[in-house]
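Q: fold the following, please.
(2 chains)
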Amino acid sequence: MLPEPILDLAHLGHMELLTPKPDESLRFFIDVMGMTESGRQGNSVYLRGWDDYERHTLKLTAAKLPGMGHFAFRARSQQALERRVAALKSSGFDLGWTDGDVGHGPAFLCQDPDGHKVELYFETEWYDPPPELRPALKNQAQRFPGRGVNVRRLDHLNCLAVDIRANREFFENYLGFRLTEQIVLNDGTEAAMWMACSNKSYDFAYTQDHTGTKGRFHHVTYALDSRGSVLRAADIFMENGVFIESGPHKHAVQQTFFLYVYEPGGNRVEVANAGARLILAPDWKTIRWTEKERKRGQAWGMKTTESFHTYGTPPVEMPAHAPLVEEEEDTSLVVTNLDSWF
Amino acid sequence: MRPEPNLDIAHLGHLELLTPKPEESLRFFVEVFGLTESGREGDSVYLRGWDDYEHHSLKLTASSQPGLGHIGLRARSQQALERRIEALRGSGYGIGWNEGDMGHGPAFVCQDPDGHKIELYYDTQWYVAPPELRPALKNQAQRFPARGISARRLDHLNCFAADIRANRLFVERYLGLRPTEQIVLDDGTEAAAWMSATNKSCDLAYTQDRSGAAGRLHHLAYALDSWEEVLRAADIYLENGVYIEVGPHKHAIQQTFFLYAYEPGGNRVKLANEGARLLLAPDWKPIIWTEEERKKGQAWGLKTTESFHTYGTPPIPPGSQKTDVVQPSWVVG
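A: Below is the predicted model of the structure:
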């Protein structure tokens, strides 16, 4: 009999995004993305999509450089949280308890092998809209804003990491995530991973950082209801002078309809729609993509722009001596040939 | 500290639909609905949506009357299945093991208080597409059929039941599904319950049956990717002479964009899209709708047609309906 899955984490709850241009980033997330402010404290503004049930899903914090402050998973119960903390204690990845933050109670902080800070918490504040933001239907957290892209809810985020395998094992063993899809190179190196704790096809992803820099961030994604909404978002980004890096197009991996832009602080932001796709199988078998398969580009053949594979936040110079993968006998594997890995 | 949620059931796996017009029903599900046949045995044909990962999600069985044969719920693990059986032991709801069926291994059968048969199983057969149905992308179970409506995957089903509270409690206590939304009348009677084992807002719903009958089916639902596809489905029904009962419109409850039709055997089938809506909160608080709120109609005000509150399968023979039935003024979502 297979061991039972760990189901202690419920979903990605929020993330902290760092921006060197706090005013412009805030305007972007409110006016263009259509998010709603739900609090301020110190150098941070707390933001939410209209369908997010918790107080916030994005903590926008002023900083010298763009990047990610931390990301946070909500545990399924207090008991589940304590089980994860017990598993992490003395693992070397544990950092300890914090007092919590605007919107949620005490959180246990740990870090993955690449140094990204990960918070686990259970106690949370359900969003209570002010009168002017009360929805027409009582099964909705907040009135539909009717502003800009109107992003619905936080969907997932993607970090860069030097050693994907080490990070996969950390999230599998200590936090109980399931690997839904991955990219494995010809030499056996894991180049990317998509992991889920919910019925979403992923709650977060990691892709290889070819610069050898640790702790960087690739993108944060908010969900939209349809491909049509993603196309409309492209027009709205265009009207607002927002740089569109890639898309709209359909990913081969996870099949999400995507659109990537840079917010004013320099962080990559995605809006996406997965249709009615859910991972319902409790024993889902990981989909493994090979180098050859990934060279076909995105679902309909689009070759992803080069920056998608190298740019992250905080930005770093691509060292001239650092190829995207170790060069070996297969000379097709040079930097410029690595189209569309994720 | 609150007790931990019971997560032993993973999702709605399949259901058996009974039809008195097996040939016509099969043509409907394959040609109009866009499902794919994946097996035949005895009086049954096994069908699937292109994104269903198991062998089938619909078992269509010839029968003298339309209705529901059984519901299949897949457990999260073998251990989880055994825990559910242990919980059902001595409850009066357990019936016993069967040897399984095409596509899945041994299943434990129980029945809810209204008499609907529910199968619990874990061992299942993942669908393996024949060469002509292999998808272009390896993370997809089957090639997109591009036939008729091309329904994506089984989403939920809705059963009629005389006593909603008893059925809700059964599903909650013995199977661990969580109520996500409910209708509670002014006198405290529960009139409908939507229950979920997943991040979907509903795997299994119950609606009050005022006819005096037991064990009836209200509808089954398959998911589509967008509102636009639901609208396209309405056109496809129209072209094929399929009776559209209500919609397209948006439900107030669960906010699903819906379209209800009758398949040739008489069963109500629904197509639905809920956008990117998911219930992610592990401690979701059930939304309770009152009579007054339900009188506002569906989301944008559509008053649901009368038959939606009374018609189920098997249908009630004319003249045998309870005569004291007062049709509700509220609208089931």
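Q: which stretches of chain A have low pLDDT?
A: The model of chain A has pLDDT under 70 over residues A:318-342.
Q: at 80 what do you get?
A: For chain A, residues meeting the criterion pLDDT under 80 lie at A:317-342.
Q: go on, chain B?
A: B:318-333.
Q: and if we set it to 90?
A: B:1-3, B:295-297, B:301, B:303-304, B:317-333 (pLDDT under 90).
Q: centroid-nearest residue for chain A?
A: A:L157 (0.0 Å; CA atoms, centre = their mean).
Q: where do the strands of the stretch 201-333 of chain B begin and end?
A: B:204-208, B:217-223, B:244-250, B:257-262, B:268-273, B:287-289 (DSSP state E, counting those that start in this stretch).
Q: can you show me the helices along chain A?
A: A:22-27, A:78-88, A:164-170, A:227-239, A:291-294, A:307-310 (DSSP state H).
Q: looking at those helices, which is closest to chain B?
A: Closest approach to chain B among the helices of chain A is made by helix A:78-88 (5.3 Å; CB to the nearest CB). In this view, the C-beta of every residue, glycine as well, is placed from N, C-alpha and C.
Q: what's the burial count for residue 8?
A: Unless you meant another one, I'm taking chain A. 24 (other CB atoms under 10 Å in any protein chain shown).
Q: try again with chain B
A: Applying other CB under 10 Å, we find 24 residues neighbouring B:D8.
Q: ok, back up a step: got the strands of the stretch 201-333 of chain B as TSV, with mean neighbour count and distance to chain A columns?
A: Output for the strands of the stretch 201-333 of chain B, formatted as TSV (neighbours: other CB atoms under 10 Å in any protein chain shown; distance: least, CB to the nearest CB, whole Å):
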stretch	mean neighbour count	distance to chain A
strand B:204-208	26	14
strand B:217-223	25	4
strand B:244-250	19	9
strand B:257-262	23	9
strand B:268-273	25	7
strand B:287-289	19	4
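Q: between those, which one is closest to B:D186.
A: Across the strands of the stretch 201-333 of chain B, B:D186 has its closest neighbour in strand B:287-289 (11.8 Å, CB to CB).
Q: show the contacting residues for residue 84.
A: All of this is about chain A. A:D8, A:L9, A:A75, A:F108, A:L120, A:Y174, A:L175, A:G176 (CB atoms under 8 Å, 6 or more residues apart in numbering or on different chains).
Q: chain B, not that one
A: Going by CB under 8 Å, 6+ apart, the list of residues near B:R84 reads B:D8, B:I9, B:A75, B:F108, B:L120, B:Y174, B:L175, B:G176.
Q: ok, the residue nearest to B:A161 when sequence neighbours are not counted - contacts?
A: In space, and not counting its chain neighbours, B:A161 is closest to B:D114: 3.8 Å by CB to CB, 6 or more residues apart in numbering or on different chains. With contact taken as CB under 8 Å, 6+ apart, B:D114 is in contact with B:C159, B:F160, B:A161, B:A162, B:D163, B:A166, B:N167, B:Y206, B:D209, B:A214, B:G215.
Q: give me that answer again for 7 Å
A: Neighbour list for B:D114: B:C159, B:A161, B:A162, B:N167, B:A214, B:G215 [criterion: CB atoms under 7 Å, 6 or more residues apart in numbering or on different chains].
Q: what does B:T19 give?
A: B:S25, B:L60, B:A62, B:S63, B:P66, B:G265, B:N267.
Q: from those, which ones fall inside strands?
A: B:L60, B:A62 (DSSP state E).
Q: for the contacts of B:T19, which two are the farthest from each other?
A: B:A62 and B:N267 (13.1 Å).
Q: what number of residues lie near A:V118?
A: By other CB under 10 Å, 23 other residues sit near A:V118.
Q: just B:S201 next, same as before
A: 24.
Q: and what of A:S91?
A: 11.
Q: nearest residue to it other than its sequence neighbours?
A: Closest to A:S91 by CB to CB, 6+ apart is A:Y174, at 6.2 Å.
Q: hmm, the one you found is touching A:A87, no?
A: Yes - contact criterion CB atoms under 7 Å: A:Y174 and A:A87 qualify, at 5.4 Å.
Q: so what would you say the end-to-end distance of stretch B:68-85 is?
A: For stretch B:68-85, the first and last residues are 22 Å from each other (CA to CA, to the nearest Å).
Q: that stretch: how far from the chain's middle?
A: Averaging C-alpha positions (CA atoms, centre = their mean, to the nearest Å) puts stretch B:68-85 16 Å from its chain's average.
Q: residues of it that come out buried?
A: B:68-77, B:80-85 (16 or more other CB atoms under 10 Å in any protein chain shown).
Q: ok, stretch A:46-66 next?
A: For stretch A:46-66, a neighbour-count test (16+ other CB under 10 Å) marks A:46-63, A:66 as buried.
Q: does chain B sit close to it?
A: Yes - for stretch A:46-66, a contact with chain B is found by CB under 7 Å from any CB of the partner chain, at A:D51, A:Y53.
Q: do me a favour and get the end-to-end distance for that stretch?
A: End-to-end distance (CA to CA), stretch A:46-66: 17 Å.
Q: so who does the residue nearest to A:G103 when sequence neighbours are not counted touch?
A: In this structure, A:G103 finds its nearest non-sequential neighbour in A:R55, 3.5 Å apart by CB to CB, 6+ apart. Counting by CB under 7 Å, 6+ apart, A:R55 touches A:S38, A:G39, A:Y46, A:R48, A:G103, A:E125, A:Y127.
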